[in-house]
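Q: Kindly return the folded structure for what I paste below:
(chains A and B)
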Amino acid sequence: MTQVNEFPVSQNADKVLDHFTLFRQPEYQEMFKRKKDDFEFGHSDEKVAEVSEWTKSEDYKAKNFAREAVVINPTKACQPIGAMFAAQGFEGTLPFVHGSQGCVAYYRTHLTRHFKEPNSAVSSSMTEDAAVFGGLNNMIDGLANAYALYKPKMIAVLTTCMAEVIGDDLQGFIANAKKKDSVPEDFPVPFAHTPAFVGSHIVGYDNMMKGILTNFWGKSEDLDTPKTEKINLIGGFDGYAVGNNRELKRIFGLMGIDATILSDVSDVFDTPGDGEYRMYDGGTTIEETKAALHAKATISLQEYNTPQTLQFCKEKGQEVAKFNYPLGVAATDELLLKLAEITGKAIPASLKLERGRLVDAIADSHTHIHGKRFAVFGDPDFCLGMTRFLLELGAEPVHILSTSGSKKWEKQVQKVLDGSQFGKGGAAYGGKDLWHLRSLLFTNKVDYIIGNSYGKYLERDTKIPLIRLTYPIFDRHHHHRYPVWGYQGALNVLVRILDRIFEDMDANTSVVGVTDISFDLVR
Amino acid sequence: MSLAVNNDLDVKGLVDKVLEAYPEKSRKRRAKHINVLEAEAKDCGVKSNIKSIPGVMTIRGCAYAGSKGVVWGPIKDMIHISHGPVGCGYYSWSGRRNYYIGDTGVDSFGTMHFTSDFQEKDIVFGGDKKLHKVIEEINELFPLANGISIQSECPIGLIGDDIEAVARLKSAEIGKPIVPVRCEGFRGVSQSLGHHIANDCIRDWVFEKTSPVEGFESTPYDVTVIGDYNIGGDAWASRILLEEIGLRVIAQWSGDGTLAELENTPKAKVNLIHCYRSMNYIARHMEEKFNIPWVEYNFFGPSQIAESLRKIAALFDDTIKENAEKVIAKYQPMVDAVIAKYQPRLNGKKVMIYVGGLRPRHVVDAYHDLGMEIIGTGYEFAHNDDYQRTPHYVKEGTLIYDDVTAFELEKFVEELRPDMVASGIKEKYVFQKMGLPFRQMHSWDYSGPYHGYDGFAIFARDMDMAINNPVWNLTKAPF
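A: Now for the predicted structure:
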């Protein structure tokens, strides 16, 4: 091999080949083969094919479901990212992650990749010495730096697992830092302990929401103030929060409801491209957050994101209500009825009209969805809401899977499934991961998968089309700008599902002279 | 160095102004990390590889990110366990576009996330027992995995688990290499220590402990590609040039790499290093232990590619040297066409760079080849030797910023108003909001490869599409 390769130069200036096509050129294909044959010492193609087939079998599924220790491709992240997300929905709030610094880079990256927006948070950058001596000095210097540089209205402190393992006491540390003038005594520094080895991002959300409310609602004399007619609404960790929160506000406007969305990221994660970078924009104001104590009720749209927070609200004398990601006709009906019941406001004709239009749209399209089999994965509340909507459409939810799902959640999903003839044969899988789902998809096939971008590996392996409808969506743009809640949101979801079904139909009927007898113009 | 940049601006004054916002203690610390490059300087005159100050937005990662995310993760035929809580593995799952060829989940595992998913009881009672079970389950479900690495997350070191003992025991049991890596995120000041730890583990647990598969025969033309993670296929676009000049690339570290390639690396005649920062440790070790020389090279942009090909060829016989000239000549017409097409659109455009290991210096000449200017650059996790290598590439007057905080970078960009910023995903949207063209220079903004001649054409196209997209004319409303 001492001769100059005789390959042509495939690359050219007129039509630049990038990774999509460059590596399909013969010179690269031959190079890949040489690498594999001469240097990789891998398994034979026959062996790989044999094991590949085995991974699709019932035998493999049994082994896969028998595992107790390893988790493979889970549908959950850790607490701090949820806490960070909750904090970011408050006006001028800078999340301060107390612990080792790499974590923050990961959280910021993850949220940025989904929302395609800047994501601000600081770290106290603890290293080995802090592991030995504790992170108090990091807190003292860190709060001072964060306050001086980024001029926040509030700094929300949360922990990484490092700070939790060594047992740093946030309350004491923050008090100490204030004594050392890191921030003014009256400057709000709510906090939440968010160990990554307990729960997941949805628990972190709950912890920080409760931490922030505790910070502002803590003074007992405030409790004597009479309740107002206002209500609070908590969305939970929601990748569609930009579209969803705006949709909620539109509905409040139509109903004449005076509501506070606690942690409203809709403007925070959707700033304009007008030449100015806004590190802080939008969010629930501190005044609104303080006043929210006196609301007559707090409504959570994601039960599993808010158990502690709702309990706390209840203790403050508020009426509470919880939903499971209100997606679809009946779920939206229930939400509106609850809003009407609590506020005494009527549901206006305009919303009834929207409902009718949604039902009309479902009727127009039901033939394409009826009887189609679906797998759904994601957070517990999303899975519940999505399952309900699929049943409404006459679709059959078959596998519903959430790594954060509990036994209670499984029962809840099962109840929803059992409530419909379309739910027969469907099952919920709490505590399971996407490698479990892979086995389920091979042994008990469905027509479509609904989940996040990580589902694309399942789509590739099983050839079952994926419909992206929850967090995170990295490989498609702008989904988060469109609501999935309310009647309008349900319409968006309906269109997304239908589009995928139609694309699939066209792809399956496009071979000229072979399958294109059904390549219909009108569907 | 020639033709200073920024010479009509008071950049030193700007630095002082930006640092004024800090409390005094932090201001003094940060001042040591920022400088304006002087003529004929031997290094950039900044401190590096020092703890980030608390409470700022540092762009740095951690040792786990350096080991699992960068070095070990791309080794495709091994399973890398993110050992500890679920998050670290979740966030580093498929984020870096380390391309590979293989049947994922069967004989390759690059885009999967394996974790021991620590719960509170694992913290209290220790996670070694669970790790035993994780390894057994992996061995049963993934029989074609050629080895396993254990990538420690923060709690592992803090609670004192003995992952080495587990690795030794289970490795003997399953008959495959198991490598315990103590890359807990709190170690060191950035991802850089993770690279070092990862390298040391390859030394101690692969070179020292495993036996290579039989059947490998050396030739006098055997080289390796060290420190190329195959982002968007970079290592492939590099490898093809080395093969074309008549060399045999016996191992890729670690993009699209395999355990067998790691094992056979000490049989190379010379190790060729692209990312010096992440893998100089193992190259130095092989030099001491196996007497294998190593050479740094740079495959960004035609000037550096030609220089590097000649430098590499000079280590071999005349045939290879002649081949190198032929290969350079072979690609020249394509390169000329690329430059003729794009340079007129890019000439004189100013760029500010902020990235990681090698790119703050290595990409500079690729920009120069297109007529662009670098007015500021800096590293996330460089050491002194990186800053000593940098003046070779950049011009007098260049603003240098080590471990720059988001605050500083934004202020520098606002004042210097470059035509483009080249940094990472966390920075991207900040500058696009300001109306500035941006390219992600960690992941090539989902494009690539950028290495090699084939990569340069893509690089040129991408810079043009960033700078000359009409969207930047829409930023200001006419009302």
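
Q: any idea which helix or strand of chain A has the worst average confidence?
A: Considering only helices and strands, the least confidently modelled element of chain A by mean pLDDT, DSSP states H and E is helix A:128-133, at a mean of 93.

Q: how about that helix: buried residues?
A: A:128, A:130-131 (16 or more other Cβ atoms under 10 Å in any protein chain shown). (Glycine included, C-beta is placed from N, CA and C.)

Q: List the contacts of that helix.
A: Residues outside helix A:128-133 that contact it (Cβ atoms under 8 Å, 6 or more residues apart in numbering or on different chains) are A:137-138, A:162, A:166, B:157-158, B:186-188.

Q: Stretch A:48-61 too?
A: Residues outside stretch A:48-61 that contact it (Cβ under 8 Å, 6+ apart) are A:42-43, A:438-440, A:442-443, B:103, B:105-107, B:141, B:143-144.

Q: The same query, at a cut-off of 6 Å, please.
A: Applying Cβ atoms under 6 Å, 6 or more residues apart in numbering or on different chains, the external contacts of stretch A:48-61 come out as A:439, A:442-443, B:103, B:106-107, B:144.

Q: now stretch B:159-171: how far from the chain's centre is it?
A: Relative to its parent chain, stretch B:159-171 has a centroid offset of 29 Å by Cα atoms, centre = their mean, to the nearest Å.

Q: make that stretch A:445-452, sorry
A: Here the centre of stretch A:445-452 is set off from its chain's centre by 17 Å, with Cα atoms, centre = their mean.

Q: and if you look at stretch A:367-383?
A: With Cα atoms, centre = their mean as the basis, the distance from the averaged C-alpha position of stretch A:367-383 to the chain average is 16 Å.

Q: Would you mark the buried spots in that stretch?
A: By neighbour count, and taking 16+ other Cβ under 10 Å as the criterion, the buried residues in stretch A:367-383 are A:369, A:372-383.

Q: what sits against residue A:284?
A: Contacts for residue A:284 (Cβ under 6 Å, 6+ apart) come out as A:90, A:262, A:264.

Q: I'd like to know how far residue A:297 sits from chain B.
A: 34 Å (Cβ to the nearest Cβ, to the nearest Å).

Q: pretty sure that residue contacts residue A:342?
A: Yes. Between residue A:297 and residue A:342 there is a contact under Cβ atoms under 6 Å: 4.7 Å.

Q: quick one on the thing from earlier: return the subset of the contacts of stretch A:48-61 lying in helices.
A: A:439, A:442-443 (DSSP state H).

Q: Strands along the chain, start to end?
A: Using chain A. Assigned by DSSP state E, the strands in chain A fall at A:71-72, A:93-98, A:122-123, A:154-159, A:191-192, A:231-234, A:259-262, A:297-300, A:319-322, A:373-377, A:396-402, A:427-430, A:448-451, A:466-468.

Q: ah, I was thinking of chain B
A: For chain B, applying DSSP E gives strands covering B:34-36, B:78-83, B:114-115, B:147-152, B:178-181, B:222-228, B:248-254, B:270-273, B:294-296, B:350-353, B:373-377, B:399-401, B:420-423, B:438-440.

Q: Export those strands to CSV and append columns for mean pLDDT, distance to residue A:202 and mean neighbour count.
A: As requested, the strands of chain B are arranged in CSV below (pLDDT from 0 to 100; distance: least, Cβ to Cβ, whole Å; neighbours: other Cβ atoms under 10 Å in any protein chain shown):
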stretch, mean pLDDT, distance to residue A:202, mean neighbour count
strand B:34-36, 97, 41, 24
strand B:78-83, 98, 20, 28
strand B:114-115, 98, 18, 26
strand B:147-152, 98, 25, 28
strand B:178-181, 98, 30, 27
strand B:222-228, 98, 39, 27
strand B:248-254, 98, 34, 26
strand B:270-273, 98, 44, 24
strand B:294-296, 98, 47, 18
strand B:350-353, 98, 38, 24
strand B:373-377, 98, 41, 24
strand B:399-401, 98, 38, 25
strand B:420-423, 98, 32, 25
strand B:438-440, 98, 30, 21
